[in-house]
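**Q** With the input below, show me the fold.
(2 chains)
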Amino acid sequence: MYQSKLFTKTTKNISQEEQSRNAQLLVRGGFVDRLTAGVYSFLPLGLRVMKKIENIIREEMNKVDGQEIFMPALCPRENYDKTDRYEILAGDILFHAESKHTKNLVLNQSHEEVITPLMKKFVSSYKDLPLAVYQFQDKFRAEPRPKSGVLRGREFIMKDLYSFHISQDDLDIYYDKVTDAYRRIFDRSGVGKETYLTYASGGSFSKYSHEFQTLTEAGEDIIYLCRDCQVAVNKEIIEDQAGKCPLCAKEELEQLKSAEVGNIFKLGTRFSDSFNLTVLNEKGESSPVIMGCYGIGLQRLMGTIVEIFNDDKGIIWPEAVAPFKVHLISLDQNENANKLYQKLIEAGVEVLFDDRESVGAGQKFAEADLIGCPWRVVLSQKTTTAGQVEIKSRGDEKVEYITEEALVKKLLG
RNA sequence: CGGGGCGUGGCGCAGUUUGGUAGCGCACUUGGUUUGGGACCAAGGGGUCGCCGGUUCGAAUCCGGCCGCCCCGACCA
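**A** All right, here's what the predicted structure looks like:
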């Protein structure tokens, strides 16, 4: 990508309305734009990051036999009446989508009310199970107070996976598989080290659930971590757990702030009962379908990554989710730099090429640090004369001078 | 929903106390000079001061109402 053509520029002016670290950096870097409270546009740089995250999740969902689908954002109110959630949610987080021609449509805040009746149409035998489907979809939640930048929005993309089973045992087995998949997702997206499986409440779904909590001061949750077992308990249920680690019963737990980047629930028959979703078992008897659901908020994961990986100059993207692997900077060397750019593109390296003329070196460096691609490659009079290029990792200060051949090798290796 | 703060060119702000017809920085346009850490000089364009109403000869400024935004708390599938 030629930076001279990139839609959106970085800015030095920080909006007073963006007080969280993640939003400040994402707005300044030109990744996102805030439309109104809790509602963001994703610009080319930000969308590239989102797509990287989405693809990591997609790969891991496919590995646990999830099949991708896409459900509507709109839902007839009667579906929420059937699950008795309309009254609970309507006065709170549900957005209504009423118009001259529609009276009883709402915007889904989650998709149990869509997926369960959908399954009813296609699942009728134990032979159809187990089954797991997932989607990436906008969720709409009228949060009383959106905050923390992209960590709590009123509209956001969620990956939601739903699984369907003939028995509790089968759900339990699958639930563990998804737990492992989530572990891999957070490892791959860079926050694995700071992310802990956490025992939590089940909200309106079930008594308990498991969350994946990433340690960060920007988070809204407080968890009690057992370093021995590498699991935590959300403060909301710590009394139920008698203040002890649920695994080893140790009482000395560390109290920490964290952000919930994922949440998995065993729904049991909570929703299949509402819609009478049943299958015939081997004996020809009607048997309720056992369900599980598993969510990850993409913006929240992205924002959490930013909260963890930044310094006073900007974002430091983990390579797997960076908008580009390389930020190539030309200091008045566009001809040579363009050749190198083409070479890297042909080698399959993602490059943001700062080809802008009459922009000072200092500004180019400052913007590269802000945007935060893992590698910065500089071509200048100095490097051209020496027949080399300069490479530097965003994460550290030392620069290295190597040949173009060595550069390509390094970036592919 | 409670407490605090704020709303002025695209963005960040000053001006409001004490009413007199809007200013600075960034960004943008044109010309020139610059190019290893957010350049410089010169000349420009752009704002019914959140909305509605009131007071006044005159309102960004005073009064009333409404809307929106940020922070803290409550809430949070």
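**Q** With adjacent residues omitted, what lies nearest to the residue nearest to the spatial centre of chain A?
**A** The centre of chain A sits closest to residue A:298, judged by Cα atoms, centre = their mean, with a distance of 2.7 Å. In space, and not counting its chain neighbours, residue A:298 is closest to residue A:157: 4.4 Å by Cβ to Cβ, 6 or more residues apart in numbering. All C-beta spots, glycine's among them, are computed from the backbone N, C-alpha and C.
**Q** what does residue A:213 give?
**A** Among residues not flanking residue A:213 along the chain, residue A:258 sits closest, at 3.9 Å (Cβ to Cβ, 6+ apart).
**Q** close enough to count as contact, the one you found and residue A:218?
**A** No: here residue A:258 lies out of contact with residue A:218, judged by Cβ atoms under 8 Å, at a distance of 9.4 Å.
**Q** Which one's more surrounded, those two?
**A** Taking neighbours as other Cβ atoms under 10 Å, residue A:258 and residue A:218 compare with residue A:258 leading, 27 against 21.
**Q** Who does that one form a beta bridge with?
**A** Note on residue A:258: beta-bridge partners residue A:215, residue A:221, judged by DSSP bridges.
**Q** For it, list the residues it contacts.
**A** Residues near residue A:258 by Cβ atoms under 8 Å, 6 or more residues apart in numbering: A:196, A:198, A:213-216, A:219, A:221-223, A:232.
**Q** same check, this time on residue A:219
**A** Residue A:219 makes contact with A:151, A:213, A:257-260, A:304 under the criterion Cβ under 8 Å, 6+ apart.
**Q** Extract the C-alpha trace of stretch A:271-281 and format it as PDB.
**A** The C-alpha trace of stretch A:271-281 is given here as PDB (Å, rounded to 0.1, in the frame of the first residue of the first chain):
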ATOM      1  CA  PHE A 271     -33.200 -22.000  24.600                       C
ATOM      2  CA  SER A 272     -34.100 -25.300  23.100                       C
ATOM      3  CA  ASP A 273     -36.900 -25.500  25.700                       C
ATOM      4  CA  SER A 274     -38.200 -22.200  24.600                       C
ATOM      5  CA  PHE A 275     -38.400 -23.200  21.000                       C
ATOM      6  CA  ASN A 276     -39.100 -26.800  21.600                       C
ATOM      7  CA  LEU A 277     -35.900 -27.800  19.800                       C
ATOM      8  CA  THR A 278     -35.800 -31.600  20.200                       C
ATOM      9  CA  VAL A 279     -34.500 -34.600  18.300                       C
ATOM     10  CA  LEU A 280     -35.400 -38.300  18.300                       C
ATOM     11  CA  ASN A 281     -32.800 -40.400  20.100                       C
END
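**Q** now what about it, what contacts it?
**A** Stretch A:271-281 is contacted by residues A:82-84, A:112-113, A:116-117, A:119-120, A:123-126, A:128-129, A:166, A:286-291 when judged by Cβ under 8 Å, 6+ apart.
**Q** In strands, which of these appear?
**A** Counting by DSSP state E, the part of the contacts of stretch A:271-281 found in strands is A:286-288, A:290-291.
**Q** Please identify which of those residues is nearest to residue A:134.
**A** residue A:291 (13.2 Å; Cβ to Cβ).
**Q** Show me what the closest one is bridged to.
**A** Going by DSSP bridges, residue A:291 is paired in beta bridges with residue A:164, residue A:268.
**Q** Quick check: it touching residue A:206?
**A** No: between residue A:291 and residue A:206 no contact is recorded; they are 10.2 Å apart, counting by Cβ under 8 Å.
**Q** Need the residues touching each of those two.
**A** Residues touching both residue A:291 and residue A:206 (Cβ under 8 Å, 6+ apart) are A:267-268, A:270.
**Q** Name the member of those residues that has the highest neighbour count.
**A** Greatest neighbour count in the shared contacts of residue A:291 and residue A:206, by other Cβ under 10 Å, goes to residue A:267: 22 neighbours.
**Q** Just list the residues touching that one, thanks.
**A** Residue A:267 neighbours (Cβ under 8 Å, 6+ apart): A:112, A:205-206, A:290-293.
**Q** Can you tell me which of those residues are buried?
**A** Of the members of those, the ones counted as buried by neighbours, 16 or more other Cβ atoms under 10 Å, are A:112, A:205, A:290-293.
**Q** can you put those in TSV and add distance to residue A:354?
**A** As requested, the buried ones among the contacts of residue A:267 are arranged in TSV below (distance: Cβ to Cβ, whole Å):
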residue	distance to residue A:354
A:112	47
A:205	48
A:290	54
A:291	50
A:292	47
A:293	44
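**Q** Least confident of the residues you listed?
**A** By pLDDT, residue A:205 ranks lowest within the buried ones among the contacts of residue A:267, coming in at 77.
**Q** Check the residue lying closest to it once chain neighbours are set aside and give its pLDDT.
**A** Among residues not flanking residue A:205 along the chain, residue A:265 sits closest, at 4.8 Å (Cβ to Cβ, 6+ apart). At residue A:265, the pLDDT value in this model is 95.
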